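1. Pasted the sequence and its predicted model underneath.
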Amino acid sequence: AQSVTQLDSQVPVFEEAPVELRCNYSSSVSVYLFWYVQYPNQGLQLLLKYLSGSTLVKGINGFEAEFNKSQTSFHLRKPSVHISDTAEYFCALNSGGYQKVTFGTGTKLQVIP
Amino acid sequence: EAQVTQNPRYLITVTGKKLTVTCSQNMNHEYMSWYRQDPGLGLRQIYYSMNVEVTDKGDVPEGYKVSRKEKRNFPLILESPSPNQTSLYFCASSLTSGANVLTFGAGSRLTVL
């Protein structure tokens, strides 16, 4: 079985401050990990993904994430957030060969002017 | 433009009145999936399809049916909707499952009275 945990349901942060959104996963096999972003009243779109290789993954809009196998984590970071980053962020997992993608419960990032 | 199209975007219906939410993709993707999004629960998979005539249950299939007669279409059928099926529904597709990125539709907000 595979699972994804996003412990923070909401994260308020001031504009231009750094942010980290946490994601932990559980899987007994190799994993593919994703972060998706959902802007208000829109569908989800890919922010970044980890398939293999370098554990530091860079995505769109200045976001990056680090895959940590020993801590089973895939935290999302941005050094300086903008108002336009206000959205809900979902961590997702697919275990190698498994047919479905499991999503976390989401973290709402609120950027305060 | 590569996209996943869902219809209707908004629907209010009454308990027991059969309805279908359509989903169509123009990317020749093999994998298609339906999710429902509820506050605090994230995205939960309802059904998925690996290819034409191949479908399987996700985490919350009760009360739903799907079919995959053509590669591009994957309709979600609610035979007898109930109020607990009030939710935001997303259709998504990818080239195959596993490492491939999901492309999401814009969502269908369903209210069952």
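-> Looks like it arrived, so ask away.

2. quick one: low-confidence ranges for the chain?
-> As the question left the chain open, I've gone with chain A. For chain A, applying pLDDT under 70 flags the ranges A:96-99.

3. Chain B is the one I meant
-> In chain B, residues with pLDDT under 70: B:97-98.

4. near chain A, which residues of it?
-> Neighbours of chain A within chain B, by C-beta under 8 Å from any C-beta of the partner chain: B:4, B:33, B:35, B:40-45, B:48, B:50, B:56, B:58, B:90, B:92, B:97-99, B:101-102, B:104-107. All C-beta atoms are positioned from the backbone trio N, CA, C, and that covers glycine.

5. Buried only: go through the residues you listed for me.
-> B:4, B:33, B:35, B:42-45, B:48, B:50, B:58, B:90, B:92, B:97-98, B:101-102, B:104-105, B:107 (16 or more other C-beta atoms under 10 Å in any protein chain shown).

6. Take those and keep only those in strands.
-> B:4, B:33, B:35, B:42-45, B:48, B:50, B:90, B:92, B:104 (DSSP state E).

7. possible to save those residues as TSV with distance to A:F63?
-> Output for these, formatted as TSV (distance: C-beta to C-beta, whole Å):
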residue	distance to A:F63
B:V4	23
B:S33	24
B:Y35	22
B:G42	19
B:L43	19
B:R44	25
B:Q45	25
B:Y48	27
B:M50	31
B:F90	21
B:A92	21
B:F104	18
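
8. And these, which two are furthest apart?
-> B:G42 and B:M50 (22.9 Å; C-beta to C-beta).

9. and A:P79, how many neighbours?
-> 11 (other C-beta atoms under 10 Å in any protein chain shown).

10. can you pull the contacts of it?
-> Applying C-beta atoms under 8 Å, 6 or more residues apart in numbering or on different chains, one finds that A:P79 lies in contact with A:18, A:62.

11. Give me the distance between it and chain B.
-> 25 Å (C-beta to the nearest C-beta, to the nearest Å).

12. Over to A:S26?
-> For A:S26 relative to chain B (C-beta to the nearest C-beta), the value is 15 Å.

13. Now do the same contact list for the residue lying closest to that residue once chain neighbours are set aside.
-> Spatially, and ignoring its direct neighbours in sequence, A:S26 is nearest to A:S3 (4.5 Å; C-beta to C-beta, 6 or more residues apart in numbering or on different chains). Neighbour list for A:S3: A:25-27, A:93, A:102 [criterion: C-beta under 8 Å, 6+ apart].

14. Same list (those residues) but as CSV, adding neighbour count.
-> Below are those laid out as CSV (neighbours: other C-beta atoms under 10 Å in any protein chain shown):
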residue, neighbour count
A:Y25, 20
A:S26, 14
A:S27, 19
A:L93, 22
A:T102, 23
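
15. and the residues you listed as a markdown table, adding distance to A:K108 and secondary structure?
-> Formatted as a markdown table, the contacts of A:S3 follow (distance: C-beta to C-beta, whole Å; DSSP: H, G, I helix; E, B strand; the rest coil):
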| residue | distance to A:K108 | secondary structure |
| --- | --- | --- |
| A:Y25 | 20 | strand |
| A:S26 | 23 | strand |
| A:S27 | 25 | coil |
| A:L93 | 20 | strand |
| A:T102 | 19 | strand |
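
16. and of these, the nearest to A:F67?
-> Distances from A:F67 to these, taken by C-beta to C-beta, are shortest for A:Y25, at 9.8 Å.

17. surely that closest one meets A:Q6?
-> No: using C-beta atoms under 8 Å, A:Y25 is not in contact with A:Q6; the gap is 10.0 Å.
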